[in-house]
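Chemist: only geometry, no sequence info:
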């Protein structure tokens, strides 16, 4: 059997998540390259879902194109399921997310869900979070102070925060109208405490550590197929 490439691993993991979707329910849908094949699979279901709460404008557009009803997060009290990718996932289901810039909305939707299924390729599995630059959504006037806090260190780790920029060199602007700092060089050994601490800093909208809203299950695309990791 031929081994799967990274793109094939992403597609396999994304499509595998459809097995956990119950027709007629409302689910949360994330964003990113691994979520795209999941959205495509939603459109192919013989019995459709009742609707979706999307975490990004890009996913909203893709779902709308397939005729899947979209709901605002304020319109639902709970979601049976949230399916989204990750930039890193550790052995306990803690994740770094936000490489695509939608971390705040992703965390809001994740908090509504009874179950979070992470879909990712094998490169995203790590022993300790932090090799991937940590996205932190900030109010622009707090960029300098938040940068200094990371330089000074937190919970035994320090990092270099860099302002994310768009292709034209201007600051990247999130769907919420804020900026993102990407923090390099961290080693996050206590994700729950780290997330709580950074979220308390003035000017931080959301930190891209998902420890309080960690994955329940990870469908990990590997060279040999999809592995199921339960946490």
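Modeler: That came through fine. What you see is a predicted model, and the numbers here were worked out from it, not measured in a lab. Numbering: from 1, shown residues only.

Chemist: can you list contacts of stretch 182-196?
Modeler: The contact list for stretch 182-196, computed with CB atoms under 8 Å, 6 or more residues apart in numbering, reads 90, 92, 94, 96, 128-130, 133-136, 150, 154-162, 164, 207, 209-212, 214. C-beta here means a position set from N, CA and C on the backbone, and glycine is covered the same way.

Chemist: buried stuff in it?
Modeler: For stretch 182-196, a neighbour-count test (16 or more other CB atoms under 10 Å) marks 182, 183, 186, 188, 191, 194, 195 as buried.

Chemist: columns distance to residue 10 and secondary structure on top of those, output as a markdown table?
Modeler: Shown next, in a markdown table, are the buried residues of stretch 182-196 (distance: CB to CB, whole Å; DSSP: H, G, I helix; E, B strand; the rest coil):
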| residue | distance to residue 10 | secondary structure |
| --- | --- | --- |
| 182 | 22 | strand |
| 183 | 25 | strand |
| 186 | 25 | coil |
| 188 | 24 | strand |
| 191 | 24 | helix |
| 194 | 27 | helix |
| 195 | 26 | helix |
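
Chemist: which members of these define the maximum pairwise distance?
Modeler: Farthest-apart pair in the buried residues of stretch 182-196 is 182 and 191; separation 17.4 Å (CB to CB).

Chemist: ok, so of the buried residues of stretch 182-196, who is nearest residue 55?
Modeler: Proximity of those to residue 55 was ranked by CB to CB; the top entry is residue 195 with 17.6 Å.

Chemist: what bridges to the closest residue to the closest one other than its chain neighbours?
Modeler: Nearest non-adjacent residue to residue 195, counting by CB to CB, 6 or more residues apart in numbering: residue 209, 4.2 Å away. Note on residue 209: beta-bridge partners by DSSP bridges are residue 96.

Chemist: report how many residues lie close to residue 209.
Modeler: For residue 209, the neighbour count with other CB atoms under 10 Å is 32.

Chemist: with residue 26 instead?
Modeler: 19.

Chemist: ditto for the one 3 residues further on
Modeler: Residue 29 has 26 neighbours, counted by other CB under 10 Å.

Chemist: got phi/psi on it?
Modeler: Note on residue 29: backbone dihedrals following degrees, to the nearest 10 are phi -130, psi 130.

Chemist: center of this protein, which residue is that?
Modeler: Among the residues of the chain, the one closest to the centroid is residue 97, at 4.0 Å (CA atoms, centre = their mean).

Chemist: and the pLDDT for that residue?
Modeler: pLDDT recorded at residue 97 is 98.

Chemist: residue 16 in helix, strand or coil?
Modeler: Here residue 16 is recorded as helix under DSSP: H, G, I helix; E, B strand; the rest coil.
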